[in-house]
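S.K.: Got a sequence here, can you build the structure:
(2 chains)
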Amino acid sequence: MSTVHVSDWNLRWSRWLGQRVTLAAGVSILALFIFAAIAAPLIAPYDPIVHNSELRLVPPSLFHPFGTDNFGRDILSRVIWATRIDLQIAFLGVIFPFLIGTILGTISGYFGGMVDIIFMRLIDVVLAFPFLVLMLSIIAILGPGLSSFYIAMALVGWVSYARLIRTQMLVLKNSDYAVAAVSLGFSNSRIMFRHLLPNAIAGSIVFSMSDAVLVLLNGAAISYLGLGVQPPLAEWGVMVAEGQSFISTAWWITFFPGLSIVVLAFGLSLLGDGLSETLGARQ
Amino acid sequence: MHRYKFILHRPVQFLPVIFGVSLITFILVRLIPGDPARVLLGARSTPAALANIRAQYGLDEPLWLQYFYFLKNLVNGEMGKSILYKIDVLPLIATRIEPTVTLILCSVILSILIALPLAAIASRNQGSLPDHTVRIFSTLGIGFPPFWLGLMLMILFSVKLGILPVSGYGETFGDKLAHLVLPCLTIALSLSSVLTRSLRASMITELQSDFATAARARGMPESIVFWRHVLPNSLAPAVNLLAVNIGWLIGGTVVVESVFAIPGMGQLLVRAIFSRDYMVVQGVAMIFACGTMLVNFIADILTVAIDPRVKL
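M.R.: Residues are numbered from 1 along each chain as shown, chains lettered A, B, ... in the order given. Model prediction:
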């Protein structure tokens, strides 16, 4: 009830603190996962792939903190090794759409006219499809696998980035420094990519953080459905699928891989929030 | 009533998009390597059936003419035959629409029931402990993988407590609802976190607006200011958000239907992909795309109905 009455100084201070805490928490969570991915061979206590018939379905204990699965594989080790694949999914699944969308959006917004109309209609059509449905249809044709996932991701995901950059370009191309660059006789590509793009990109970078969360969830979901990463490779979505038959007897097989997704996604969301608040405050 | 005139114009604007959607689905199936007739009918098909499908789609003709045949069949409601189920695609999809639509509707209603009170509490106590709790919930909720959350709810409510059915879909209405509780909860926990965020933000803006201040100046109690003035005005952005997220929501149901073995369109799509039943994949993708457009259209009408300031 007291929204209007909170003192200005108090609010500003808590906001500043909030930004720092959000950003720092996001960076630390992401750093933790990156460390786990790099150091996987050193910190994983057991082999993630080799079967061990004597250690089937062991509940979480001192020797196996996350328990073991139906093949006797240590869940903790598999969760650690899976970090490599899932971070790769979040990174590559964002970077290709980011690059394609940014380039097409820049061109579309800068030149306008017929090029712009064609790209905009194409974006409308892609957006008419539910994201996951179009991705699954493309993977159906390319065949299951991680590379199909990246191709499908690039074909479908670029539209959001293209839209973001295009809107920025429409404003920026009329700014004084753009007009100055034109009158100096600079080439179109130099103006687009060296003068305008650096000023337009901040919003896309912030968006890519929240997009990474969705890409991670999509990649894991597609692997869970059996169309992405293939067993015996350890990936969190695959691990959840493998544990599904054992949910009544061995909950730990599905619980810990899913929890890792939640924590990494939380870290990426915090990073996105922290970045957007910090960048927003500066403008 | 001229504010509602767009209801007449909008379907005309949909035409090029529907055209594009049909073009993309046409190209998708043509990209599959191998003899298209064999792709459409499956590996074990009779020469007579192959000749039949070649004639129907003009598979020996140039590509643009093939697309023309494809459109002609589409207008007649012909989407080909399912390899797996041996029946026409359209009637097959028709039997799967009801569970999916029910699942989506119930999830949306449940999300609104969760998000509205949370956003109200958070926005009216900005910066307080409840506000921070709600913000953490909404940040966490976005990152919950639906396939995992569904299984965890299944372990808790069906395996440990034994109060809800594990999976499947019932026959009677009550039975169906019992089977839908966990799937809806799975989707609603993610969706409501997105919704809470947006509602909280717009409620905070509206709480500080001139009309809210004016109402307070007239001596209205804060609760009436909120329920009568702030709430109705913050609903329009939420309706838009739901419409924008319908594609994401459909993706969620595809996964959740697979987790809970609900015989809807999502499960049909996943099974069709595994059995290389391309006509079904094509049909489901097109129906989902048309559904997305329809939902956006309805959302536009609702926005105009809720907020008299909006003109489309």
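
S.K.: what number of residues lie near residue 247?
M.R.: Reading this off chain A. By the criterion of other Cβ atoms under 10 Å in any protein chain shown, A:I247 has 19 neighbours. The C-beta positions use only the backbone N, C-alpha and C, and glycine is treated the same way.

S.K.: let's do chain B instead
M.R.: Neighbour count for B:G247, taken as other Cβ under 10 Å: 23.

S.K.: what about it, which helix or strand?
M.R.: helix B:246-260 (DSSP states H and E).

S.K.: That helix and chain A in contact?
M.R.: Yes - under the criterion of Cβ under 8 Å from any Cβ of the partner chain, chain A is reached by helix B:246-260 at B:246-248, B:250-252, B:254-255, B:258-259.

S.K.: would you put the C-alpha positions of that helix in CSV?
M.R.: The C-alpha coordinates for helix B:246-260 follow below in CSV (Å, rounded to 0.1, in the frame of the first residue of the first chain):
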residue,chain,number,x,y,z
ILE,B,246,0.5,-19.4,-27.0
GLY,B,247,3.3,-20.8,-29.2
TRP,B,248,5.4,-21.5,-26.2
LEU,B,249,2.3,-22.9,-24.4
ILE,B,250,1.6,-25.4,-27.3
GLY,B,251,5.3,-26.5,-27.1
GLY,B,252,4.8,-27.1,-23.4
THR,B,253,1.7,-29.2,-24.0
VAL,B,254,3.6,-31.3,-26.6
VAL,B,255,6.1,-32.2,-24.0
VAL,B,256,3.6,-32.6,-21.1
GLU,B,257,1.3,-34.8,-23.2
SER,B,258,4.3,-37.1,-23.8
VAL,B,259,5.2,-37.2,-20.1
PHE,B,260,1.6,-38.0,-19.0
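
S.K.: In the stretch 1-150 of chain B, which residue sits closest to chain A?
M.R.: Closest contact between the stretch 1-150 of chain B and chain A, by Cβ to the nearest Cβ, is at B:G143 (2.6 Å).

S.K.: ok, that residue touching A:L271?
M.R.: No - between B:G143 and A:L271 there is no contact under Cβ atoms under 8 Å: 11.9 Å.

S.K.: Low-confidence stretches in chain A?
M.R.: Applying pLDDT under 70 to chain A flags residues A:1-18, A:280-283.

S.K.: repeat that for 80
M.R.: Within chain A, the stretches with pLDDT under 80 are A:1-19, A:277-283.

S.K.: got the residue ranges for the helices in it?
M.R.: For chain A, helices defined by DSSP state H occupy the ranges A:8-38, A:40-43, A:75-111, A:113-128, A:131-142, A:146-172, A:176-183, A:188-190, A:197-200, A:202-224, A:236-243, A:252-282.

S.K.: Next: chain B.
M.R.: Using DSSP H, helices in chain B cover B:6-30, B:36-41, B:47-57, B:63-75, B:89-124, B:129-142, B:146-153, B:173-207, B:210-217, B:222-224, B:231-244, B:246-260, B:265-274, B:278-306.

S.K.: Dump those helices into JSON lines; add mean pLDDT as well.
M.R.: Formatted as JSON lines, the helices of chain B follow (pLDDT from 0 to 100):
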{"stretch": "helix B:6-30", "mean pLDDT": "83"}
{"stretch": "helix B:36-41", "mean pLDDT": "77"}
{"stretch": "helix B:47-57", "mean pLDDT": "81"}
{"stretch": "helix B:63-75", "mean pLDDT": "84"}
{"stretch": "helix B:89-124", "mean pLDDT": "92"}
{"stretch": "helix B:129-142", "mean pLDDT": "88"}
{"stretch": "helix B:146-153", "mean pLDDT": "94"}
{"stretch": "helix B:173-207", "mean pLDDT": "90"}
{"stretch": "helix B:210-217", "mean pLDDT": "88"}
{"stretch": "helix B:222-224", "mean pLDDT": "86"}
{"stretch": "helix B:231-244", "mean pLDDT": "84"}
{"stretch": "helix B:246-260", "mean pLDDT": "91"}
{"stretch": "helix B:265-274", "mean pLDDT": "91"}
{"stretch": "helix B:278-306", "mean pLDDT": "87"}
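
S.K.: For A:N52, which of these is the nearest?
M.R.: With Cβ to Cβ as the criterion, A:N52 lies closest to helix B:146-153 of the helices of chain B, at 24.7 Å.

S.K.: Most proximal residue of the stretch 51-200 of chain A with respect to chain B?
M.R.: For the stretch 51-200 of chain A, Cβ to the nearest Cβ, closest residue to chain B: A:L132, 2.9 Å.

S.K.: What is the burial count for that residue?
M.R.: The burial count assigned to A:L132 is 27, neighbours taken as other Cβ under 10 Å.

S.K.: What of A:G267?
M.R.: 23.

S.K.: show me what contacts it?
M.R.: By Cβ atoms under 8 Å, 6 or more residues apart in numbering or on different chains, the contact set of A:G267 is A:25-26, A:28-30, A:32-33.
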